[in-house]
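K.L.:
give me a 3D structure for the following:
(chains A and B)
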Amino acid sequence: DQQVKQNSPSLSVQEGRISILNCDYTNSMFDYFLWYKKYPAEGPTFLISISSIKDKNEDGRFTVFLNKSAKHLSLHIVPSQPGDSAVYFCAASGVNAGNMLTFGGGTRLMVKP
Amino acid sequence: ETGVTQSPTHLIKTRGQQVTLRCSSQSGHNTVSWYQQALGQGPQFIFQYYREEENGRGNFPPRFSGLQFPNYSSELNVNALELDDSALYLCASSFAGQWRETQYFGPGTRLLVL
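P.N.:
Predicted coordinates:
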């Protein structure tokens, strides 16, 4: 039972264009969502997060949108850069869903120069 | 300020053996979580330790156990290894009460069970 799903295993984008990574969740108890980026041979690094009381959070080139009714969130990267090429994981947590992050399966983003 | 470190980086074991993986938390962090990441999948929560006690557990059998030491370093022990235990094992440290906002991950230990 996958509570957090990233349905696109990979995404290829041209440098300078927008990258949109999607994530769906099923557990209504989730109230905090995060995006992590992972390079090979490194651990995941925190990128951006959003609380369920908001529908948008922005940090530089990165914006996360949350649609609670659809149980969907997305990460927008504008403009995309070759250094953004990595695996991106969305993760979710809930106060009443255990002291844990539940991760999606990841999306490999490739930004072509 | 040092980040989260894990040892060893790679490990090969045979089925039925036992393994101990180690994690050194980021300076000042008092909470550590362990995750298993199988190939092509996202990390799966194993358990979390706070003040040397288990503070939450995912859907893993009892042969997965852990320890947290007074200096906040941590161990993950897996007994009776199975082939499906082959994975990248990640630890993440955080401040208690802030684990949701930010967890700092180590580079992981890659375990291969033959």
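K.L.:
who in chain A is up against chain B?
P.N.:
Contacts of chain A with chain B, taken as Cβ under 8 Å from any Cβ of the partner chain, map to A:4, A:6, A:9, A:32, A:36, A:41-46, A:49, A:89, A:91, A:93, A:98-106. Placement of C-beta: from N, CA and C, glycine included.
K.L.:
mind redoing it with 7 Å?
P.N.:
Residues of chain A lying close to chain B by Cβ under 7 Å from any Cβ of the partner chain are A:32, A:41-44, A:46, A:49, A:89, A:93, A:98-101, A:103-106.
K.L.:
drop anything exposed from those residues.
P.N.:
Buried members of the residues of chain A next to chain B, counted by 16 or more other Cβ atoms under 10 Å in any protein chain shown: A:32, A:43-44, A:46, A:49, A:89, A:93, A:98-101, A:103-106.
K.L.:
in strands, which of these fall?
P.N.:
A:32, A:46, A:49, A:89, A:93, A:103 (DSSP state E).
K.L.:
of those residues, which pair is most distant in space?
P.N.:
A:32 and A:89 (14.6 Å; Cβ to Cβ).
K.L.:
can I assume residue A:11 sits in a strand?
P.N.:
Yes. According to DSSP: H, G, I helix; E, B strand; the rest coil, residue A:11 belongs to a strand.
K.L.:
what's the distance between it and residue A:104?
P.N.:
13 Å (Cβ to Cβ, to the nearest Å).
K.L.:
quick one: low-confidence parts of the chain?
P.N.:
In the absence of a named chain, chain A is used. Chain A contains residues with pLDDT under 70 at A:97-99.
K.L.:
should've been chain B
P.N.:
B:1-2, B:99, B:101.
K.L.:
any residues of chain B in contact with chain A? List them.
P.N.:
Counting by Cβ under 7 Å from any Cβ, the residues of chain B near chain A are B:4, B:41-43, B:45, B:48, B:55-56, B:58, B:90, B:99-103, B:105-108.
K.L.:
can I have the buried ones of those residues as a PyMOL selection?
P.N.:
One line in PyMOL is enough to select the buried members of these, burial here meaning 16+ other Cβ under 10 Å:
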select buried, chain B and resi 4+41+42+43+45+48+55+56+58+90+99+100+103+105+106+107+108
